[in-house]
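A.B. asks: Build me a structure from this.
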Amino acid sequence: MKTHDPTTAATATAFIFDLDGTLVDSVYQHVLAWHEALSQVGINLAVWTIHRKIGMSGGLMANAILRETGVVLSAEEAGSLVRLHAEAYARLSSQVVPLPGACELLAYLTEMRAPWAIATSARIAGARPTLEALGVPPGVPIVTRDEVAHAKPDPDLFLAAAERLNVPITSAVVVGDSVWDLLAARRARALGVGLLSGGYGQDELERAGAYRVYNDPADLLLHLDEVGLRSVPSTRPAAP
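C.D. replies: This is a model prediction of the structure:
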């Protein structure tokens, strides 16, 4: 179902946001959850090596770790990794909060009638608490891993979000915090914008295709003119 009509919006610019590390401060909870899940099947990795893969789909990430470590698991053990991660993350999810400026940014886009959506590699069960913390209003398209054939770095999530917004993907701005977000944005032929709030460096994000890189959602809010939104607040609007 298409939930936005761009002909009624004040701007032609549509925004598609990643969730973890982009709008909510959850990257390290995911890292620790993966560390716990891997430990339960006998794989002990330094957390920094796990961080380098956050942003990929869970299944693809598990496959990459198994390939790189050379560990051979039974089909049952390999299949349990994503479930173990989800269980561990659920125990840590109460620590997750919106990143600075995230609620204000989304409220401002809504006020400006700029179409926006969220596209996440998480499944809806894991994403629901953070979506509630952001106060996402009814009618905003939310595309999760449950709804597409492949998650990032494939472009499926962003393409589905653009379709739900009823805008061409080539006119959309995709905002993400990882190289996997920006690779998926490039493959979708959208304009990629990077945020440093997920722990990747500016040079990495730019090499992956970021047109601009900002510190966090608060920084992006103050520079929306650079990505095509014509009216930009001089100060942050109050949170809804």
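
A.B. asks: need the contact list for the nearest residue to His150 once chain neighbours are set aside.
C.D. replies: Ranked by C-beta to C-beta, 6 or more residues apart in numbering and with sequence neighbours excluded, the top spatial neighbour of His150 is Asp156, at 5.0 Å. Glycine gets a C-beta too; all of them are placed from N, C-alpha and C. By C-beta atoms under 8 Å, 6 or more residues apart in numbering, the contact list for Asp156 reads Val148, Ala149, His150.

A.B. asks: low pLDDT regions in this structure?
C.D. replies: 1-12, 231-240 (pLDDT under 70).

A.B. asks: all strands for it, in order.
C.D. replies: 14-17, 116-119, 142-143, 172-176, 191-195, 210-214 (DSSP state E).

A.B. asks: Could you dump those strands into CSV and include mean neighbour count?
C.D. replies: Output for these, formatted as CSV (neighbours: other C-beta atoms under 10 Å):
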stretch, mean neighbour count
strand 14-17, 28
strand 116-119, 27
strand 142-143, 20
strand 172-176, 28
strand 191-195, 26
strand 210-214, 21
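
A.B. asks: which stretch among those comes nearest Ile43?
C.D. replies: Shortest distance between Ile43 and the strands of the chain, using C-beta to C-beta, is found for strand 172-176: 27.0 Å.

A.B. asks: to the chain's geometric centre, what's the distance from that closest one?
C.D. replies: Distance of strand 172-176 from the chain centroid (C-alpha atoms, centre = their mean, to the nearest Å) equals 10 Å.
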